[in-house]
Every structure is written in C-alpha cells, then in structure tokens.
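> Below are the sequence and a predicted model for it; my questions follow.
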Amino acid sequence: MLDSGEDEKKPENRTPTAAVTYEVTGEGTTDITYLARSTSGEAIVVKAATLPWRKTVDVPLGDEPTVSIILGEKGGQARCTLAIRGKHVQSATATGTFGRATCAGTLPERADTTEG
C-alpha cells in the first residue's frame, strides 16, 4: 500500500469562524479599530485611514465583532457598518471634533449545523 500522507495534512483544533465585513464611509480620515482572527486576540488599529474603507475578515465564533471609529481634530462625519455573513447587523455615525462611533454584533458559540 502507498501512504497518501493525508493524515498529516488534517488541520488540528481549527476554530470555526464567520465572515464579518466592516465598512466606514464619510470624508477625510479616521482612526479605525476592529476585531479579526488573530492568535493574540488583540484588536487591529488603522491610523488615519482614508475613507471610504472596507475590510472583510474571519472572526472566531463566540467572539463579538466590533468596529470603532474616532474622528480627528478636524471633525467631520463618518459612519461605520457591520455585516455578519453578508447580513447587515448595525450602523452608527460619528460627528464633530474627535467624534466616536462603535458598531458591534454577536456571533454564535458554535457553527450552524442546519442546511438551508
């Protein structure tokens, strides 16, 4: 018999994830903080991001995907939105000098096992 080596290629203890899309619209720049799959579990910060900005990432099930925006000293207006698996979950608007907004959602603890 030949050894196909497939046993060696199986992923071990892989955490199920869901696709999360963060989007920030408006004019100018803003600081953006968002959650993505990472081994450290820390949020990712994008300083002075040029708008519009969009990012789709995988977030481990059981985590709470969150995107926060902070406007600079020039103020303005920006809107964050959050979608999980392509479905809109939340949006919020930041206005004015150092205006802030946060969008958050909840992922299930485990993968959905029903077929649609």
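The structure has been received and is ready for your questions. Computed from a predicted model, the values in this text were never measured in an experiment.
> Phi and psi next, for residue 85.
When read as degrees, to the nearest 10, the backbone of residue 85 gives phi 50, psi 40.
> quick one, what contacts it?
18, 19 (CB atoms under 8 Å, 6 or more residues apart in numbering). Using the backbone N, CA and C atoms, a C-beta is placed for each residue, glycine as well.
> can you tell me how far it sits from residue 91?
Residue 85 sits 17 Å away from residue 91, going by CB to CB, to the nearest Å.
> before we move on, what about residue 28?
19 Å.
> again, but for residue 21
Residue 21 is 12 Å from residue 91, by CB to CB.
> so what sits against both of those two?
In contact with both residue 21 and residue 91: residue 82, using CB under 8 Å, 6+ apart.
> Of these two, give the one with the bigger neighbour count.
residue 21 (19 against 14; other CB atoms under 10 Å).
> residue contacts, the more buried one?
54, 55, 56, 82, 83, 86.
> Note down every partner strand of the helix or strand that contains it and its orientation.
Residue 21 belongs to strand 17-26 when assigned by DSSP states H and E. Each strand paired with strand 17-26, and its direction, by DSSP bridges: strand 53-60 (antiparallel), strand 77-84 (antiparallel).
> mean pLDDT lowest for which of these?
Among the strands paired with strand 17-26, strand 53-60 has the lowest mean pLDDT, at a mean of 93.
> just how off-centre is it within its chain?
Relative to its chain's centre, strand 53-60 lies at 4 Å (CA atoms, centre = their mean, to the nearest Å).
> And the next helix or strand past that strand?
Next along from strand 53-60, by DSSP H and E: strand 66-71.
> Name whatever forms a beta bridge with residue 80.
With DSSP bridges as the rule, residue 80 is bridged to residue 24, residue 92.
> what number of residues lie near it?
27.
> Likewise for residue 47?
Neighbours of residue 47 using other CB under 10 Å come to 10.
> Might you report the residue contacts of it?
Per CB under 8 Å, 6+ apart, neighbours of residue 47: residue 31.
> Buried subset of the contacts of residue 21, written for ChimeraX?
Buried members of the contacts of residue 21, defined by 16 or more other CB atoms under 10 Å, are picked up in ChimeraX with:
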select :55,82,83
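> ok, the contacts of residue 21 vs residue 68, which is closest?
Taking CB to CB as the measure, residue 68 sits nearest to residue 82 out of these, at 10.6 Å.
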